[in-house]
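>>> Structure for the following, please:
(chains A and B)
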Number of protein chains: 2
Amino acid sequence: MIKRIDHIAIVVPDLEAGTGFWAEALGLPVERIETVPDEGVDVAFLPVGESEIELLRPTDTESGVARFLEKRGPGLHHICLEVEDIRATLDRLRAANVPLINEQPKIGSGGKKFAFVHPKGTGGVLVELYELPGQM
Amino acid sequence: MIKRIDHIAIVVPDLEAGTGFWAEALGLPVERIETVPDEGVDVAFLPVGESEIELLRPTDTESGVARFLEKRGPGLHHICLEVEDIRATLDRLRAANVPLINEQPKIGSGGKKFAFVHPKGTGGVLVELYELPGQM
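Alright, predicted model coming up:
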């Protein structure tokens, strides 16, 4: 049902500072950088094994990521798990009284379905779920 | 050089609360629970894909994990990357002026070599490196 860790998202004040450690010092490749206006972030994607490190830089001072950076400083922001069937997973979490940020999946880039689970229900971790296109 | 995400470590006040979301609600298997007196923690291991979620419960009020829990509350604690050659990786990080918590690898359970990189050098993320036995 849960297939793998899709990504670990890390908030950075700027992408150069962020890639300084992960790419230059550690040697991970920066596969691509995307601007996501809906979320108010630029994202650098660094593949590692079957997962990715995602560096999030806020582009909008009102975004959730900007508020996180202001309140907690740079660092780990959320983890994302790929699931086989996101609707079934959300149903299962609802049945267990886990509070959801997105009651229904949203559609993201490339047609992936995603939803966030509230940290109140996970023991303090913001968890994202992905169902990738072509999956059941 | 960097092979995969070995694990994501999450601090929990008790293992029952921790496994409530990850195992019971989400359905990840709890493969095993280990007591690690040196680190002052009990650890529950929940495999997901090629990685694991590790739930850390402090057993010693003086441990780093206990202090983290007191200061920041439960949530994401560190991420661990498997590397091919931990000494070469540490040399590379030193050359890039990244501060290390462990200048030399320590030996952990099963003969794995591990070292922590200081969050000051990574953009606020506590990063652990593993070299697993039988690897070069």
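>>> Packing partners of the helix or strand of chain A with the lowest mean pLDDT?
Least confident element among the helices and strands of chain A, by mean pLDDT, DSSP states H and E: helix A:15-19 (a mean of 88). Packing contacts for helix A:15-19, counted by 3 or more Cβ pairs under 8 Å, 6 or more residues apart in numbering or on different chains; DSSP states H and E, involve strand A:41-48, strand A:51-58. Yep, even glycine has a C-beta here, placed from its N, CA and C like the rest.
>>> A:His77 - that's part of a helix, no?
No. According to DSSP: H, G, I helix; E, B strand; the rest coil, A:His77 belongs to no helix; its state is strand.
>>> per-residue confidence for it?
pLDDT recorded at A:His77 is 97.
>>> That one reaches A:Val127, doesn't it?
No. With contacts counted by Cβ atoms under 8 Å, A:His77 stays clear of A:Val127, the gap being 11.2 Å.
>>> just to revisit the earlier point, most tightly packed of the helices and strands packed on helix A:15-19?
The highest mean neighbour count among the helices and strands packed on helix A:15-19, using mean count of other Cβ atoms under 10 Å in any protein chain shown, belongs to strand A:51-58: a mean of 24.
>>> What residues of the least confident helix or strand of chain A count as buried?
For helix A:15-19, the neighbour count (16 or more other Cβ atoms under 10 Å in any protein chain shown) marks A:Leu15, A:Gly18, A:Thr19 as buried.
>>> Export those residues to JSON lines and append columns for distance to A:Ile5.
What follows is those, written out as JSON lines (distance: Cβ to Cβ, whole Å):
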{"residue": "A:Leu15", "distance to A:Ile5": "22"}
{"residue": "A:Gly18", "distance to A:Ile5": "19"}
{"residue": "A:Thr19", "distance to A:Ile5": "20"}
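>>> Which one of the residues you listed is nearest to A:Asp60?
A:Leu15 (15.1 Å; Cβ to Cβ).
>>> Run through chain A and note the low-pLDDT ranges.
Applying pLDDT under 70 to chain A flags residues A:135-136.
>>> any chance you could map the strands in it?
Here chain A has its strands, by DSSP state E, at A:2-11, A:32-36, A:41-48, A:51-58, A:75-83, A:106-107, A:113-117, A:127-131.
>>> Now distance to chain B too, for these, in CSV please.
Putting the strands of chain A into CSV (distance: least, Cβ to the nearest Cβ, whole Å) gives the following:
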stretch, distance to chain B
strand A:2-11, 3
strand A:32-36, 16
strand A:41-48, 5
strand A:51-58, 5
strand A:75-83, 3
strand A:106-107, 19
strand A:113-117, 8
strand A:127-131, 8
